[in-house]
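Q: Sequence first, predicted model second:
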Amino acid sequence: KQEVTQIPAALSVPEGENLVLNCSFTDSAIYNLQWFRQDPGKGLTSLLLIQSSQREQTSGRLNASLDKSSGRSTLYIAASQPGDSATYLCAVNQAGTALIFGKGTTLSVSS
Amino acid sequence: SAVISQKPSRDICQRGTSLTIQCQVDSQVTMMFWYRQQPGQSLTLIATANQGSEATYESGFVIDKFPISRPNLTFSTLTVSNMSPEDSSIYLCSVERHGTEAFFGQGTRLTVV
């Protein structure tokens, strides 16, 4: 059974710092991996999708990498801003299933 | 991308009552998914809603408690029946485009008192 783990569970950084969020999964047979952002009490906003054949994806200050063989992904946020404060969720997609989520990393960026 | 409108965005309900959550997508999709997010937890899939057939429920979720409708390829509803305080959660609908990227509605924050 696929399990997705995210560390750390919470992270606090000052504005301007670069940071890395980690995601690991137990079964490497995935179609893709997706990173989401969730603001308190709200829905999910898709940030980046990495298909299984890809190694990384970039969008603005965000860069996500995928090492399928080792079951790991990282989300790199450059020059963090207070507006980046949110919970970041990692999820994997396998054949015939809906997304399987990690518990998320709650990020707080102080000004 | 897909634009998903979910309503209500939040509600406070009395125990024993039912609430129906609506999810409207801006384009036709084969499958829609309903998730629950309990306080401080990640998302758990409730069921997959297919147009023209019964919804497929995950272990621990039953149709009597969470009936789902899927009348067409752009719309679905989830009803939370006979609510108790344990049903207080965020409920989210989701779609996938081309079997890859998933998109979510803005969620329904339910509080049962």
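A: Done, it's in. Because the structure is predicted, anything quoted here is derived from the model rather than measured.

Q: For chain A, what lies in contact range of chain B?
A: Listed as neighbours of chain B in chain A under the rule CB under 8 Å from any CB of the partner chain: A:31-32, A:34, A:36, A:41-46, A:49, A:51, A:89, A:91, A:93, A:98-99, A:101-104. Placement of C-beta: from N, CA and C, glycine included.

Q: Can you name the residues that contact the residue nearest the centre of chain B?
A: Nearest to the mean C-alpha position of chain B, by CA atoms, centre = their mean, lies residue B:34 at 3.5 Å. By CB atoms under 8 Å, 6 or more residues apart in numbering or on different chains, the contact set of residue B:34 is B:23, B:45-49, B:66, B:68, B:76, B:78, B:91-94.

Q: from those, which are also near chain A?
A: Contacts with chain A within those, counted by CB under 8 Å from any CB: B:45, B:48, B:92, B:94.

Q: Next one: the nearest residue to residue A:97 once chain neighbours are set aside relative to residue A:11, how far apart?
A: Leaving aside its chain neighbours, residue A:97 sits nearest to residue A:2 (7.8 Å; criterion: CB to CB, 6 or more residues apart in numbering or on different chains). Look at residue A:2 and residue A:11: by CB to CB, to the nearest Å, they are 24 Å apart.

Q: Determine the number of other residues adjacent to residue A:90.
A: 29 (other CB atoms under 10 Å in any protein chain shown).

Q: Which residues does the helix or strand where it lies contact?
A: Assessed by DSSP states H and E, residue A:90 sits inside strand A:86-93. The contact list for strand A:86-93 (CB under 8 Å, 6+ apart) reads A:2, A:4, A:6, A:21, A:23, A:25, A:30-40, A:44, A:47, A:73, A:75, A:99-102, A:104-107, B:42-43, B:96, B:100, B:102.

Q: That's all I had, so thanks and see you.
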